[in-house]
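Visitor: Would you be able to build a 3D model of this:
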Amino acid sequence: MQQRALRTREAILAAARAEFAAKGFHGARVDRISEKAGINKQRLYANFKSKSGLFAEVLKASFADLVKEEQHLLKLAPGDIPQLAERILACYVAIHTRHPDFWRLLAWENLEDGRHSASLTGIQAPIFKHLKGLYGQGQKAGHFHTHVPFEAFIFNLLAVSYFMVSNRKTLKQSIGLDLTHAHTRKTLCNAIVSQIVLQPPP
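Guide: Have a look, this model is predicted:
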């Protein structure tokens, strides 16, 4: 792809990501996206065919960024098993911190019944396969509950990191948990990990 065309595509995706994150699929306007990207609508449609196709590409690009940041989890080894839950949770909390629009895109896509995310199937499979292997070793070594499958383990960690950003406003009002403070987030993460990891005998 020529450099000019690549820059145009990147500009469209950046503008579209901000627009879709803020407004959702139905609220987003192609006019605003093309204006922010500095191109006309005809050029946008020449690149992405349709609004639906553009939203699908935004999701794909967002998950590609996620997978890049997950790569260091592949470096976790058996020696890291006692801190496995802590490392994974810290990774996803950091991702949401660096990409504050990611959770919004996920929320909008789920409200759309996931109809734009078919191309995402299996995109995180290598990461989860590696983590599942370590988790299984950790179960055998007594670090994790043997009756809790990996899917429940990773679900808890993904859910906590997502909920910390998606519900931070209402959590402050409902239970007085102010997650705008790094210390509060760290304390909460430590408490969550302590509920997942079996404590070694004294």
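
Visitor: Neighbours of Arg115, how many?
Guide: 11 (other C-beta atoms under 10 Å). All C-beta spots, glycine's among them, are computed from the backbone N, C-alpha and C.

Visitor: mind checking the SS state of it?
Guide: coil (DSSP: H, G, I helix; E, B strand; the rest coil).

Visitor: then the one helix or strand Leu66 maps to to PDB, C-alphas only?
Guide: Take DSSP states H and E as the rule and Leu66 turns out to sit in helix 51-70. Presented in PDB, the C-alpha positions along helix 51-70 are these (Å, rounded to 0.1, in the frame of the first residue of the first chain):
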ATOM      1  CA  LYS A  51     -20.300   2.600   7.600                       C
ATOM      2  CA  SER A  52     -20.700  -1.000   8.900                       C
ATOM      3  CA  GLY A  53     -17.500  -2.000   7.200                       C
ATOM      4  CA  LEU A  54     -15.700   1.000   8.700                       C
ATOM      5  CA  PHE A  55     -16.900   0.100  12.200                       C
ATOM      6  CA  ALA A  56     -15.700  -3.500  11.700                       C
ATOM      7  CA  GLU A  57     -12.300  -2.300  10.700                       C
ATOM      8  CA  VAL A  58     -12.100   0.000  13.700                       C
ATOM      9  CA  LEU A  59     -12.800  -3.000  16.000                       C
ATOM     10  CA  LYS A  60     -10.300  -5.100  14.200                       C
ATOM     11  CA  ALA A  61      -7.600  -2.400  14.500                       C
ATOM     12  CA  SER A  62      -8.500  -1.800  18.200                       C
ATOM     13  CA  PHE A  63      -8.000  -5.500  18.900                       C
ATOM     14  CA  ALA A  64      -4.800  -5.600  16.900                       C
ATOM     15  CA  ASP A  65      -3.500  -2.900  19.300                       C
ATOM     16  CA  LEU A  66      -4.700  -5.000  22.300                       C
ATOM     17  CA  VAL A  67      -2.900  -8.100  21.000                       C
ATOM     18  CA  LYS A  68       0.300  -6.100  20.600                       C
ATOM     19  CA  GLU A  69       0.100  -5.100  24.300                       C
ATOM     20  CA  GLU A  70      -0.700  -8.600  25.300                       C
END
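
Visitor: Other residues contacting it?
Guide: 12-13, 16-17, 20, 25, 28, 30, 33, 44, 48, 91, 94-95, 98-99, 102, 105, 109, 116-120, 123-124, 127 (C-beta atoms under 8 Å, 6 or more residues apart in numbering).

Visitor: ditto for stretch 167-184
Guide: Phe163, Met164, Val165, Arg185, Leu188.
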